[in-house]
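Asker: next input, structure requested:
(one chain, ligands or ions: 1)
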Amino acid sequence: MPQLAINGAAPVRTKPFPAWPMNLDESAQAAAETVRSGRWGSIQGEQVRSLEQRFAAFQQAAHGIAVSNGTTALCLALQAVGIEPGDEVIVSAYTFIASASSIVMSNAVPVFVDIDPHTYNLDPDRVEQAVTSRTRAVMAVHFAGLPADMDRLGEIAGRHGLAVIEDAAQAHGARWGGRSVGGIGAIGAFSFQSSKNLNAGEGGIMLTDDDDLAEAARSLADCGHVAPGPRYNHYRMAGNNRMTEIQGAVLLAQMAHLETQTDLRHANGDYLTERLGAVPGIVPVSRPAKCDRHARHIYMFKYSANAFGGISKTRFIEALRAEGIPASPGYSIPLYKQPVFRNRNYGIYQSPALSDVDYDALYMPVTERACSSEAVWFTQSVLLGSRDDMDDIVRAVAKIGNHRDELGETG
Ligand SMILES: Cc1ncc(COP(=O)(O)O)c(C=O)c1O
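Answerer: Take a look at the predicted model:
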């Protein structure tokens, strides 16, 4: 008699995990009121301005500048700190494409660095080794909602005169040593895309404590206009990257729940880590003590095929899904192996500095391992479930471990 659901036995659960987004009626009402107001653009309305103030305060930053999406927020943050053509910007090899494409789209050169095997965030020792005379900035990606080591990165950046740009697209509400992310470095960028812990379908925001950077970022977000000067005077080469009032209204409605949801994800994340860590062959990606709130945009653990009788990560995930647990393998290739980099397909961003780099020759063992055989992900809304839901995850993983012989596949 088979025991595993993938072989026809009863699954651990059939109930879905919480759907995302939540609190739809509140958002629908906020959006409808804004639509009825007739003030749909941020030049006329108050929603985006209010979101900028509230989100900046939530993240303990002095200034917030809302934009159309997180990629744009990163591009404009790079431009605001003065990245110039040919400059090098150090970035993690294990992150979403936008962390690196924003560098290319700023005419700069991404320099990939491997991740720390315990946190899956930028490894500060490797960052130090990657600094050259052309390095101008480090992009501190707070991957999965875990703050990068801002102490070490800040210290390295300070010694080499580099700007720290925070890619906090996945890290709403995350804290490092009591300080919320986004305003710890020179400038930070968040995403409000539909999967994110705070979302309006699309959207983004830059945060900074620096008055001059804030003014530059605001001008870059708004056609080079400099407030409160005349509307049709333009001082910088910049497009229209503004957020709409409807996005602003939805985000304000969603923000009412951000604190509670973040605390719940953090607590469930720690609970899962304690329990999953007890299953042979499973090592949760660690949360350093200095991170006193993890945003848990993604819950990640490291799977070891050896402890599961050689069953591949792909097969393990298929078995987990059959048990009713929505697991994902995450990125299948390191960022430097993406076709755009392998084929040097940079379009209008082609430059001699970039074309000289042979990304195809790179091999970063920790990132390679995470992609091919190790990393297993759950998305953030799974962490908004109950303790029973978390127990189901542990039960399913342990069940697969106990009946691994049934999976009949090796390698
Ligand atoms: C780490 C990271 N950086 C940047 C972005 C880009 O944000 P957006 O999708 O809003 O452009 C994302 C979002 O997917 C992300 O996960």
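
Asker: hey, let's count contacts and neighbours off CA atoms from now on
Answerer: Will do.

Asker: burial count for the closest residue to D116 other than its chain neighbours?
Answerer: In this structure, D116 finds its nearest non-sequential neighbour in D123, 4.6 Å apart by CA to CA, 6 or more residues apart in numbering. Close neighbours of D123, defined as other CA atoms under 10 Å, add up to 20.

Asker: using the three-state scheme, assign H234.
Answerer: coil (DSSP: H, G, I helix; E, B strand; the rest coil).

Asker: before we move on, back to that, where's the residue nearest to D116 relative to the ligand, distance?
Answerer: Distance of D123 to the ligand, computed by CA to the nearest ligand atom, to the nearest Å: 16 Å.

Asker: the strands in the stretch 151-300 of the chain, which residues?
Answerer: 163-167, 175-176, 179-180, 187-191, 204-208, 282-284, 298-303 (DSSP state E, counting those that start in this stretch).

Asker: which one of those lies closest to F58?
Answerer: Nearest to F58 among the strands of the stretch 151-300 of the chain is strand 179-180; the distance by CA to CA comes to 8.1 Å.

Asker: and the stretch 201-350 of the chain, which of its residues are near the ligand?
Answerer: Residues of the stretch 201-350 of the chain that fall close to the ligand, judged by CA under 6 Å from any ligand atom: 202-204.

Asker: now the residues you listed as a markdown table including distance to F17?
Answerer: Compiled in a markdown table, those are given as follows (distance: CA to CA, whole Å):
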| residue | distance to F17 |
| --- | --- |
| E202 | 23 |
| G203 | 25 |
| G204 | 27 |
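
Asker: tell me the one of those residues nearest V111?
Answerer: Nearest to V111, judged by CA to CA, of these is G204 at 24.1 Å.

Asker: can you give me the helices in the stretch 51-200 of the chain?
Answerer: Applying DSSP state H, counting those that start in this stretch to the stretch 51-200 of the chain gives helices spanning 70-80, 97-104, 124-130, 150-160.

Asker: please name whichever of the ones you listed is nearest to R242.
Answerer: Using CA to CA, the nearest of these to R242 is helix 70-80, at 9.9 Å.

Asker: ok and that closest one relative to strand 163-167, angle-wise?
Answerer: With axes from the mean of the first three to the mean of the last three CA atoms, to 10 degrees applied, the angle from helix 70-80 to strand 163-167 works out at 170 degrees.

Asker: helix 70-80 near the ligand at all?
Answerer: Yes: judged by CA under 6 Å from any ligand atom, helix 70-80 comes into contact with the ligand at 70-71.

Asker: ok so, going back, which one of the helices of the stretch 51-200 of the chain is the most hemmed in?
Answerer: Mean neighbour count (mean count of other CA atoms under 10 Å) peaks for helix 70-80 among the helices of the stretch 51-200 of the chain, with a mean of 27.

Asker: separation between H142 and A307?
Answerer: The spacing between H142 and A307, counted by CA to CA, to the nearest Å, is 30 Å.

Asker: same check, this time on T71
Answerer: Distance from T71 to A307, by CA to CA: 39 Å.

Asker: repeat that for G178.
Answerer: Taking CA to CA as the measure, G178 and A307 are separated by 37 Å.

Asker: S219 against M237, yeah?
Answerer: No: contact criterion CA atoms under 8 Å: S219 and M237 do not qualify, at 9.3 Å.

Asker: looking at the two, which is more packed in?
Answerer: Neighbour count, other CA under 10 Å: between S219 and M237, S219 has more, with 25 against 11.

Asker: not counting sequence-adjacent ones, nearest residue to the most centrally placed residue in the chain?
Answerer: Compute the mean C-alpha point of the chain, and by CA atoms, centre = their mean the closest residue is Q170, 2.9 Å away. Nearest in space to Q170, with sequence neighbours left out and distances taken as CA to CA, 6+ apart, is G145 at 5.0 Å.

Asker: who are the contact partners of L251?
Answerer: Contacts for L251 (CA atoms under 8 Å, 6 or more residues apart in numbering) come out as 27, 51, 198-200.
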